[in-house]
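J.: here's a sequence, model it:
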Amino acid sequence: MAFWRHGYVILYAPIKMKSPGNNHSGLQIKVYPRTSIDISRRVRQLAHSIQGSVASLTGKRIVRHLPKVVGAWLAGLYDNDRPVVRSAQESFSRVFATEEKRASVWKIYQNAVLLFAEDVILHQNPLTLSDERTTKPDDAEAKYARVLGTALSLLTRILSTFPSSILTS
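T.: As a prediction, the model looks like this:
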(Lines give C-alpha, C1' and ligand atoms only; values in the text may rest on other atoms or scores of the structure.)
Protein backbone atom coordinates (compact mmCIF):
# COMPACT_ATOMS: atom_id res chain seq x y z
CA MET A 1 0.00 0.00 0.00
CA ALA A 2 1.29 3.48 -0.79
CA PHE A 3 0.11 7.04 -0.35
CA TRP A 4 1.39 10.49 -1.22
CA ARG A 5 2.74 12.79 1.50
CA HIS A 6 4.36 16.18 0.86
CA GLY A 7 6.19 15.12 -2.28
CA TYR A 8 7.10 11.68 -0.94
CA VAL A 9 5.52 8.34 -1.61
CA ILE A 10 5.22 6.45 1.65
CA LEU A 11 5.11 2.69 1.26
CA TYR A 12 3.81 0.16 3.71
CA ALA A 13 4.83 -3.44 3.36
CA PRO A 14 3.08 -6.17 5.30
CA ILE A 15 5.11 -8.29 7.65
CA LYS A 16 6.29 -11.34 5.73
CA MET A 17 5.33 -14.44 7.63
CA LYS A 18 5.73 -17.68 5.71
CA SER A 19 6.07 -19.80 8.80
CA PRO A 20 5.81 -19.25 12.55
CA GLY A 21 9.62 -19.21 12.82
CA ASN A 22 10.14 -16.50 10.21
CA ASN A 23 12.12 -13.57 11.61
CA HIS A 24 11.16 -10.91 9.03
CA SER A 25 9.64 -7.97 10.89
CA GLY A 26 8.85 -5.96 7.77
CA LEU A 27 8.72 -2.28 7.15
CA GLN A 28 5.54 -1.55 9.10
CA ILE A 29 7.15 -2.01 12.51
CA LYS A 30 9.89 0.47 11.60
CA VAL A 31 7.71 3.06 9.87
CA TYR A 32 4.60 3.01 12.05
CA PRO A 33 5.86 4.94 15.10
CA ARG A 34 6.95 7.90 12.94
CA THR A 35 3.88 7.95 10.69
CA SER A 36 1.52 7.64 13.67
CA ILE A 37 2.66 11.09 14.85
CA ASP A 38 2.88 12.74 11.42
CA ILE A 39 1.69 16.31 10.88
CA SER A 40 -0.98 15.15 8.45
CA ARG A 41 -4.17 13.89 10.08
CA ARG A 42 -4.80 11.55 7.15
CA VAL A 43 -1.32 10.00 7.40
CA ARG A 44 -1.85 9.32 11.11
CA GLN A 45 -5.28 7.88 10.43
CA LEU A 46 -3.95 5.53 7.74
CA ALA A 47 -0.97 4.55 9.88
CA HIS A 48 -3.26 3.32 12.67
CA SER A 49 -5.55 1.54 10.23
CA ILE A 50 -2.66 -0.24 8.53
CA GLN A 51 -1.13 -1.15 11.90
CA GLY A 52 -4.39 -2.84 12.87
CA SER A 53 -4.54 -4.72 9.58
CA VAL A 54 -0.94 -5.91 9.83
CA ALA A 55 -1.38 -6.95 13.46
CA SER A 56 -4.63 -8.80 12.63
CA LEU A 57 -3.03 -10.67 9.75
CA THR A 58 0.03 -11.72 11.73
CA GLY A 59 -1.89 -12.70 14.85
CA LYS A 60 0.18 -13.77 17.82
CA ARG A 61 3.38 -13.43 15.84
CA ILE A 62 3.15 -9.66 16.31
CA VAL A 63 3.61 -10.00 20.08
CA ARG A 64 7.39 -9.82 20.02
CA HIS A 65 7.20 -6.58 18.05
CA LEU A 66 4.57 -4.90 20.23
CA PRO A 67 7.03 -3.18 22.62
CA LYS A 68 8.34 -1.20 19.63
CA VAL A 69 4.91 0.07 18.54
CA VAL A 70 2.53 -0.12 21.48
CA GLY A 71 3.37 3.35 22.81
CA ALA A 72 2.60 4.99 19.48
CA TRP A 73 -0.49 2.83 19.02
CA LEU A 74 -1.97 3.68 22.41
CA ALA A 75 -0.98 7.34 21.97
CA GLY A 76 -3.28 7.37 18.95
CA LEU A 77 -6.18 6.83 21.34
CA TYR A 78 -5.45 10.32 22.73
CA ASP A 79 -4.86 12.21 19.47
CA ASN A 80 -6.60 15.58 19.18
CA ASP A 81 -8.27 14.66 15.85
CA ARG A 82 -11.38 12.49 16.21
CA PRO A 83 -10.88 10.53 12.95
CA VAL A 84 -7.38 9.54 14.11
CA VAL A 85 -8.72 8.47 17.51
CA ARG A 86 -11.46 6.46 15.83
CA SER A 87 -8.94 4.77 13.53
CA ALA A 88 -6.65 3.93 16.47
CA GLN A 89 -9.60 2.59 18.50
CA GLU A 90 -10.89 0.48 15.63
CA SER A 91 -7.48 -1.01 14.86
CA PHE A 92 -6.74 -1.70 18.53
CA SER A 93 -10.18 -3.27 19.07
CA ARG A 94 -9.82 -5.37 15.91
CA VAL A 95 -6.62 -6.92 17.22
CA PHE A 96 -7.62 -7.10 20.89
CA ALA A 97 -11.28 -8.02 20.62
CA THR A 98 -12.31 -8.14 24.28
CA GLU A 99 -12.06 -5.56 27.03
CA GLU A 100 -9.98 -8.04 29.06
CA LYS A 101 -7.42 -8.33 26.25
CA ARG A 102 -7.24 -4.55 25.85
CA ALA A 103 -6.76 -4.11 29.61
CA SER A 104 -4.05 -6.76 29.62
CA VAL A 105 -2.15 -4.90 26.86
CA TRP A 106 -2.06 -1.81 29.09
CA LYS A 107 -0.81 -3.94 31.98
CA ILE A 108 1.69 -6.14 30.13
CA TYR A 109 3.20 -3.35 28.04
CA GLN A 110 3.09 -0.73 30.78
CA ASN A 111 6.88 -0.34 30.76
CA ALA A 112 7.02 0.10 26.98
CA VAL A 113 4.29 2.74 27.16
CA LEU A 114 6.10 4.52 29.99
CA LEU A 115 9.33 4.48 27.97
CA PHE A 116 7.49 6.01 25.01
CA ALA A 117 6.01 8.73 27.22
CA GLU A 118 9.34 9.36 28.96
CA ASP A 119 11.13 9.70 25.64
CA VAL A 120 8.62 12.26 24.37
CA ILE A 121 8.42 14.23 27.63
CA LEU A 122 12.11 14.31 28.51
CA HIS A 123 14.04 13.88 25.28
CA GLN A 124 12.02 15.09 22.30
CA ASN A 125 11.47 18.63 21.05
CA PRO A 126 10.04 20.19 17.89
CA LEU A 127 13.34 19.77 16.04
CA THR A 128 13.79 16.10 16.92
CA LEU A 129 10.25 15.13 15.94
CA SER A 130 10.25 16.98 12.62
CA ASP A 131 12.67 17.53 9.77
CA GLU A 132 13.36 21.26 9.69
CA ARG A 133 14.19 21.08 5.97
CA THR A 134 10.64 20.07 5.05
CA THR A 135 8.56 21.25 8.02
CA LYS A 136 7.56 24.80 8.83
CA PRO A 137 8.47 25.90 12.40
CA ASP A 138 4.79 26.41 13.28
CA ASP A 139 3.94 22.90 12.05
CA ALA A 140 6.83 21.43 14.03
CA GLU A 141 5.64 23.21 17.19
CA ALA A 142 2.07 22.01 16.63
CA LYS A 143 3.25 18.44 16.10
CA TYR A 144 5.36 18.55 19.24
CA ALA A 145 2.48 19.97 21.30
CA ARG A 146 0.14 17.24 20.02
CA VAL A 147 2.63 14.42 20.67
CA LEU A 148 3.51 15.82 24.09
CA GLY A 149 -0.18 15.98 24.95
CA THR A 150 -0.70 12.34 23.97
CA ALA A 151 2.37 11.29 26.00
CA LEU A 152 1.03 13.11 29.05
CA SER A 153 -2.35 11.44 28.55
CA LEU A 154 -0.67 8.02 28.39
CA LEU A 155 1.23 8.79 31.59
CA THR A 156 -1.97 9.92 33.31
CA ARG A 157 -3.77 6.75 32.23
CA ILE A 158 -1.04 4.52 33.61
CA LEU A 159 -0.76 6.46 36.87
CA SER A 160 -4.53 6.29 37.32
CA THR A 161 -4.38 2.49 37.29
CA PHE A 162 -1.87 2.32 40.13
CA PRO A 163 -3.31 1.68 43.57
CA SER A 164 -3.23 4.86 45.65
CA SER A 165 -1.13 3.12 48.32
CA ILE A 166 1.75 2.79 45.81
CA LEU A 167 1.53 6.43 44.73
CA THR A 168 1.58 7.81 48.29
CA SER A 169 4.56 5.69 49.37
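J.: look up the closest residue to Gly71, ignoring the ones flanking it.
T.: Phe116 (2.4 Å; CB to CB, 6 or more residues apart in numbering). Glycine gets a C-beta too; all of them are placed from N, C-alpha and C.
J.: what distance do you get for that neighbour to Asp138?
T.: Phe116 sits 25 Å away from Asp138, going by CB to CB, to the nearest Å.
J.: so the residue nearest to Gly71 makes contact with Ala151?
T.: Yes: with contact taken as CB atoms under 8 Å, Phe116 and Ala151 are classed as touching, separated by 7.0 Å.
J.: list the residues that contact both of those two?
T.: Between them, Phe116 and Ala151 share these contacting residues under CB atoms under 8 Å, 6 or more residues apart in numbering: Ala75.
J.: the bottom helix or strand of this protein by mean pLDDT?
T.: strand 8-11 (a mean of 45; mean pLDDT, DSSP states H and E).
J.: list the buried residues of the helix or strand just after that strand.
T.: Going down the chain from strand 8-11, the next helix or strand is helix 26-35, by DSSP states H and E. If you call a residue buried by 16 or more other CB atoms under 10 Å, then helix 26-35 has these buried ones: 26, 28-29, 31-33, 35.
J.: so where's the longest helix in this protein?
T.: Longest helix of the chain, by residue count under DSSP state H: helix 137-161.
J.: how distant is whichever helix or strand Leu74 is part of from the center of its chain?
T.: Leu74 belongs to helix 66-75 when assigned by DSSP H and E. A distance of 4 Å separates the centroid of the chain from that of helix 66-75, by CA atoms, centre = their mean, to the nearest Å.
J.: what's the answer for stretch 30-48, then?
T.: Stretch 30-48 sits 8 Å away from the centroid of its parent chain (CA atoms, centre = their mean).
J.: who's in contact with that stretch?
T.: Here stretch 30-48 makes contact (CB under 8 Å, 6+ apart) with 3, 5-6, 10, 12, 50-51, 68-69, 71-73, 75-76, 79, 81, 83-84, 87-88, 90-91, 129-130, 135, 139, 142-143, 146-147, 150.
J.: are any of these buried, and which?
T.: 3, 10, 12, 50-51, 69, 71-73, 75-76, 79, 84, 87-88, 91, 129-130, 135, 142-143, 146-147, 150.
J.: Thr134 and Ala140, how far apart?
T.: In terms of CB to CB, Thr134 sits 10 Å off from Ala140.
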